[in-house]
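Trainee: Sequence first, then the predicted structure, then my questions.
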Number of protein chains: 2
Amino acid sequence: MARPSTLEDKRREFLPIVAGAFAELGYRRVTSAELAERCGVGENVLYRIWADKNAMFLAALEWVYIASERAWERLLVETPDGEGAFLRLLSYEAQHMGEQGLYRIVFAGLSEADDPRIRAGMRDLYGRFHAFVRRQVTAHRGSGSKPALDAEIAAWAIVGLGTVANVGRELGLIGSERRRALLWNAGRLLAEATDVDARPRGRRRK
Amino acid sequence: MARPSTLEDKRREFLPIVAGAFAELGYRRVTSAELAERCGVGENVLYRIWADKNAMFLAALEWVYIASERAWERLLVETPDGEGAFLRLLSYEAQHMGEQGLYRIVFAGLSEADDPRIRAGMRDLYGRFHAFVRRQVTAHRGSGSKPALDAEIAAWAIVGLGTVANVGRELGLIGSERRRALLWNAGRLLAEATDVDARPRGRRRK
DNA sequence: ACATTCTGGAAGTGTTCACTTACATAATGG
DNA sequence: CCATTATGTAAGTGAACACTTCCAGAATGT
């Protein structure tokens, strides 16, 4: 044999660059020429690594989850007792969420969801996010009074908070201070509210 | 002069068709040829009505809001006292939300938000949705005990519920029954929870 | 040294698609 | 009836772009 392949190294090297391009430009405006230039190679090099543009985008999607998970786990390590983990994550996300614009990759993916591969990738991504949040919510809740929402619902609602916060950021509709309040206040409410709170029967309606 | 223009009539006639195409296919996969065929005319006819594809999409965006508003107002008329209006809307959306797939237009818009015109249209759309929900939340809350979330935050969170519910529907991650529960349970909680509920101080943390 | 396989650049290629043009015809007002 | 302006059709046009091909040279193992 001769000259071992370095494609895997390149793949790892280019992945953040590719993901950054999709985050900055969305799916459509990313051209193979643009990607090649950012990576400092010819287009054909990229096509040796990934079969097509679709595959490049899928890799970027995966990168979104990997990058987020990495940040979260760094945080969880710094919270050894696991007690305030949920609150810490919430407050971290409240402040730093979407700083790298990774959510734009998610937006791009949503509008390409008719492609089965992208759809599967998006399912995976959202499924993982949801499962992660759900675990945190469950861990955060003591065994005290009965929660108002079951953990699955609460987790989806919290994912919704993150999504709408990013929409608000993207469109310039919600300033950073309000995004913080949104995530923090509504996030705590969704996770912590107890059963009796959710149903103020007859109290408010005449 | 001779032969008055019927372009405005055509515009009104084609708008739902155009919006339907964008809802079904997203921005990219909608071609001018496709639009023309659906409208039953040649492409240039469409270009006499709208300046470019961008303008067609903007019109579709506006249509999303118009269609939603129309459905809501129909509902509000049927609830004359205005008392249970919020709950009715919530339960209606919980069941029928996104039936026509209009949210896909929104997803498409999010990933085209780098275009200034589309961005402005999206701002408008989300701004209107938020303002509407906010009004409903405020009206729904009595002058009773202090709410846990201020109306603006609560309204954004509820918009987030709707968004994530649609994401879950689009990706096949949340079944219709769970979407109903999500909107209804979390929606009520966000709108109705009172201050004391949100801060169970020291109760849960050792 | 040498056969082999990887590498990067540059120049295609074929297609898709937004948008245009040309023209023959149908309505309208005067 | 006639000048004028709208209308639908059908055929273009030019550019963008995903993806390929070619090739000369550089690394490797034997």
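Mentor: Everything's here; your move. For clarity, every value in this text was computed on a predicted model and none was experimentally measured.
Trainee: Tell me the confidence at the residue in chain A that DNA strand D sits nearest to?
Mentor: For chain A, the residue closest to DNA strand D is residue A:2, as judged by C-beta to the nearest atom of the strand, at 2.9 Å. Quick note: C-beta positions are derived from backbone N, CA and C, even for glycine. Turning to residue A:2, the model gives it a pLDDT of 71.
Trainee: where do the strands sit along chain A?
Mentor: In chain A, no strands are defined using DSSP state E.
Trainee: Can you name the residues of it sitting close to DNA strand D?
Mentor: With C-beta under 7 Å from any atom of the strand as the criterion, chain A meets DNA strand D at residues A:1-4, A:29-33, A:42-44, A:47, A:52-54.
Trainee: Now rank the residues you listed by neighbours and give me the top one.
Mentor: The most crowded member of the residues of chain A next to DNA strand D is residue A:30, carrying 21 neighbours; neighbours defined as other C-beta atoms under 10 Å in any protein chain shown.
Trainee: tell me the two of the residues of chain A next to DNA strand D that are most distant?
Mentor: A:1 and A:29 (40.9 Å; C-beta to C-beta).
Trainee: Centre of the chain to stretch A:70-80, how far?
Mentor: Put simply, stretch A:70-80 sits 16 Å off its chain's centre (C-alpha atoms, centre = their mean, to the nearest Å).
Trainee: List the buried residues for that stretch?
Mentor: A:71-72 (16 or more other C-beta atoms under 10 Å in any protein chain shown).
Trainee: Give me the contact list for it.
Mentor: Residues from elsewhere that reach stretch A:70-80, judged by C-beta atoms under 8 Å, 6 or more residues apart in numbering or on different chains: A:82, A:85, A:88-89, A:92, A:96, A:132.
Trainee: and what of stretch A:122-138?
Mentor: With C-beta under 8 Å, 6+ apart, stretch A:122-138 has contacts from A:61-62, A:64-65, A:68-69, A:72, A:85-86, A:89, A:106, A:109-110, A:113, A:151-152, A:154-156, A:158-159, A:191, B:167-168, B:171-173.
Trainee: Give me the buried entries from these.
Mentor: For these, buried by 16+ other C-beta under 10 Å: A:61-62, A:64-65, A:68, A:72, A:85-86, A:89, A:106, A:109-110, A:113, A:151-152, A:154-156, A:158-159, A:191, B:167-168, B:171, B:173.
Trainee: So which of those belong to helices?
Mentor: Of the buried ones among the contacts of stretch A:122-138, the ones assigned to helices by DSSP state H are A:61-62, A:64-65, A:68, A:72, A:85-86, A:89, A:106, A:109-110, A:151-152, A:154-156, A:158-159, A:191, B:167-168.
Trainee: re earlier: max pairwise distance over the contacts of stretch A:70-80: which two?
Mentor: A:82 and A:96 (20.9 Å).
Trainee: ok, the nearest residue to residue A:98 once chain neighbours are set aside - contacts?
Mentor: Spatial nearest neighbour of residue A:98, chain neighbours left out: residue A:166 (4.9 Å); criterion: C-beta to C-beta, 6 or more residues apart in numbering or on different chains. Shown in contact with residue A:166 (C-beta under 8 Å, 6+ apart): A:97-98, A:103, A:106.
Trainee: for chain A, what spans make up the helices?
Mentor: Here chain A has its helices, by DSSP H, at A:7-29, A:32-39, A:43-49, A:53-77, A:85-96, A:103-110, A:116-140, A:151-170, A:176-181, A:187-192, A:195-198.
Trainee: Turn the ones you listed into CSV, columns for mean pLDDT.
Mentor: Listed next are the helices of chain A as CSV, based on pLDDT from 0 to 100:
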stretch, mean pLDDT
helix A:7-29, 91
helix A:32-39, 95
helix A:43-49, 95
helix A:53-77, 90
helix A:85-96, 84
helix A:103-110, 91
helix A:116-140, 93
helix A:151-170, 96
helix A:176-181, 94
helix A:187-192, 95
helix A:195-198, 56
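Trainee: Go through those helices and name the closest to residue B:14.
Mentor: Comparing those by C-beta to C-beta, helix A:7-29 comes nearest, at 24.0 Å.
Trainee: Now do the closest one against helix A:53-77, angle only.
Mentor: 110 degrees (axes from the mean of the first three to the mean of the last three C-alpha atoms, to 10 degrees).
Trainee: Briefly note if stretch A:15-25 comes near DNA strand C.
Mentor: No - using C-beta under 7 Å from any atom of the strand, we find that stretch A:15-25 stays clear of DNA strand C, coming within 14.0 Å at best.
Trainee: Which one of the residues in chain A is closest to DNA strand C?
Mentor: residue A:2 (2.8 Å).
Trainee: and that residue, how far is that from residue A:101?
Mentor: With the distance defined as C-beta to C-beta, to the nearest Å, residue A:2 ends up 42 Å from residue A:101.
Trainee: Can you name the residues of chain A sitting close to DNA strand C?
Mentor: Counting by C-beta under 7 Å from any atom of the strand, chain A sits next to DNA strand C at A:1-7, A:10, A:40-45, A:48.
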